[in-house]
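Chemist: Sequence and predicted structure, then a few things I'm wondering about:
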Amino acid sequence: MTTVRIDHLVTSGTFSLDGGTWDVDNNVWIVGHDSEAIVIDAAHDAQAIAQELGDRVLRAIVCTHAHDDHVGAAPELAALTGAPILLHPDDDALWKQTHPDRTPDGSLAHGQRITVAGTELVVLHTPGHAPGAVCLHAPALGSVFTGDTLFQGGPGATGRSFADFPTIIRSIRDELLTLPPDTAVHTGHGTSTTIGAEAPHLQEWIDRGH
């Protein structure tokens, strides 16, 4: 039996919303073992992600939310691998801004369990940065994949369309800060952190948001 592991790839491109475009680096997370895996957020470069996968069977392309920098390469990666694209339906409107002619293959729902390489990831619906934002908690790996909901240093941005600050604070408080303190937080951009490192700052974030 091969060991389950988390592989990490950084891809670069742009993020566009509300008439603006910004250069961004995205974290792509691959969870699995030598035979199969899932990809969390197919960002920017399908060929680079496919190369990192190698000959592993890709079981799913899981989207933490539908901003274009997180889903831009998803259809191409799906075409290369045959893997289904999974997205929470509350982000369908955002998805259509990037891929009007290609719908996701399946839905994500709060409490849903995704199993890969014998390891379970639990879907946590964490709206705020986007209506259909989700995090993926892998208890056996001591990890949570937070997309743009929680970063090292605070919540994801809520200043653009489809976002709401009180909602993201509620999501973080109720769904993430209740996880074990030593849980590794693997983010959509930047450096990983832990629940224990971020939890003490909740009130600061609330105060900063007013």
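Modeler: Looks like it came in fine. Numbering: from 1, shown residues only.

Chemist: For whatever helix or strand Val144 lives in, name the packing helices and strands.
Modeler: Val144 is part of strand 143-147, with elements assigned from DSSP states H and E. Helices and strands touching strand 143-147, by 3 or more Cβ pairs under 8 Å, 6 or more residues apart in numbering; DSSP states H and E, are strand 134-138, strand 184-187. (Each C-beta comes from the backbone N, C-alpha and C, glycine too.)

Chemist: So which bits of the first one are buried?
Modeler: With burial defined by 16 or more other Cβ atoms under 10 Å, the residues of strand 134-138 counted as buried are 134-138.

Chemist: For Leu150, name its beta-bridge partners.
Modeler: Pro155 (DSSP bridges).

Chemist: Could you find the closest non-adjacent residue to Pro89?
Modeler: Ser107 (5.2 Å; Cβ to Cβ, 6 or more residues apart in numbering).

Chemist: Would you map the helices across this structure?
Modeler: 46-53, 68-71, 74-81, 92-98, 165-171, 195-198, 202-209 (DSSP state H).

Chemist: how about low-confidence regions in this structure?
Modeler: Scanning the chain for pLDDT under 70 picks out 1, 210.

Chemist: Against Ile195, how distant is Pro181?
Modeler: Distance, Pro181 to Ile195, using Cβ to Cβ, to the nearest Å: 5 Å.

Chemist: higher neighbour count, these two?
Modeler: Between Pro181 and Ile195, Ile195 has the larger neighbour count (other Cβ atoms under 10 Å), namely 20 against 12.

Chemist: Can you report how many residues lie near the closest residue to the more buried one other than its chain neighbours?
Modeler: Distances taken as Cβ to Cβ, 6+ apart put Thr183 closest to Ile195, at 4.5 Å, once the chain neighbours are dropped. Thr183: 20 surrounding residues under other Cβ under 10 Å.
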